[in-house]
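>>> Predicted model, plus sequence, below.
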Amino acid sequence: MKKEVIEVPVLSAAVRALGVPLSLVTRAAGLVFVSGTPPLDIFTGRLVKGDIETQTEASLTALKHCLEAADTSPENVVMVRIYAVNSGFYNAINRVYARHFPENPPSRTFVPVASWPMEFDIEIECVAVA
């Protein structure tokens, strides 16, 4: 069984430009794995600034863009992990998240983290059925 690295328009190049050693999306064993996705603008690859709701919306939009690059969609997501720098963001993140997964949401874990070496407050990863 082989893994396949999926090139994501704009975002894969943005990650490479940062020198971060990862693939945004990998497909293997009938699953699609999307790396932790910060609030990246899908048109420019730049970080989206703003409050936690703005950043959450951008992260989820970028996550959907990654899923589409792998020929799948949010409806096929089976597991999500949300990493946030402040557990106090939980309710605000949930408000935005609920709009993206309105029915039959996937399994999910919320993980508070200390910080990142870049200026953002949230990162979201997922596993989807291919």
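Everything's here; your move. This structure is a prediction, so every number in the text was calculated from the model and none was measured.

>>> Quick one: find the helix or strand in the protein with the lowest mean pLDDT.
In the chain, the helix or strand scored least confidently by mean pLDDT, DSSP states H and E is helix 11-18, which has a mean of 92.

>>> That helix packs against which elements?
In terms of contacts (3 or more C-beta pairs under 8 Å, 6 or more residues apart in numbering; DSSP states H and E), helix 11-18 is packed against helix 52-69. Using the backbone N, CA and C atoms, a C-beta is placed for each residue, glycine as well.

>>> How far does stretch 29-48 stretch from one end to the other?
Taking C-alpha to C-alpha, to the nearest Å, stretch 29-48 runs 33 Å from one end to the other.

>>> how about it: buried residues?
Within stretch 29-48, the residues scored as buried using 16 or more other C-beta atoms under 10 Å are 31-42, 45, 47-48.

>>> from the chain's centre, how far out does stretch 120-130 sit?
3 Å (C-alpha atoms, centre = their mean, to the nearest Å).

>>> related to what we said a few turns ago, let's see which of the buried residues of stretch 29-48 end up in strands.
Leu31, Val32, Phe33, Val34, Ser35, Gly36, Thr37 (DSSP state E).

>>> Touching, the last one and Ile122? I think so.
No - counting by C-beta atoms under 8 Å, no contact exists between Thr37 and Ile122, whose distance comes to 9.2 Å.

>>> which neighbours do these two share?
Shared contacts of Thr37 and Ile122 (C-beta atoms under 8 Å, 6 or more residues apart in numbering): Ser59.

>>> low-confidence ranges in the chain?
In the predicted model, the chain carries no residue with pLDDT under 70.

>>> Swap in 90 and give it another go.
Within the chain, the stretches with pLDDT under 90 are 1, 18-20, 115-118.

>>> Dihedrals phi and psi, Thr109?
When read as degrees, to the nearest 10, the backbone of Thr109 gives phi -130, psi 140.

>>> Quickly find the element holding the closest residue to it other than its chain neighbours.
For Thr109, ignoring the flanking residues on the chain, the nearest one in space by C-beta to C-beta, 6 or more residues apart in numbering is Arg81 at 4.9 Å. Arg81 is part of strand 77-84, with elements assigned from DSSP states H and E.
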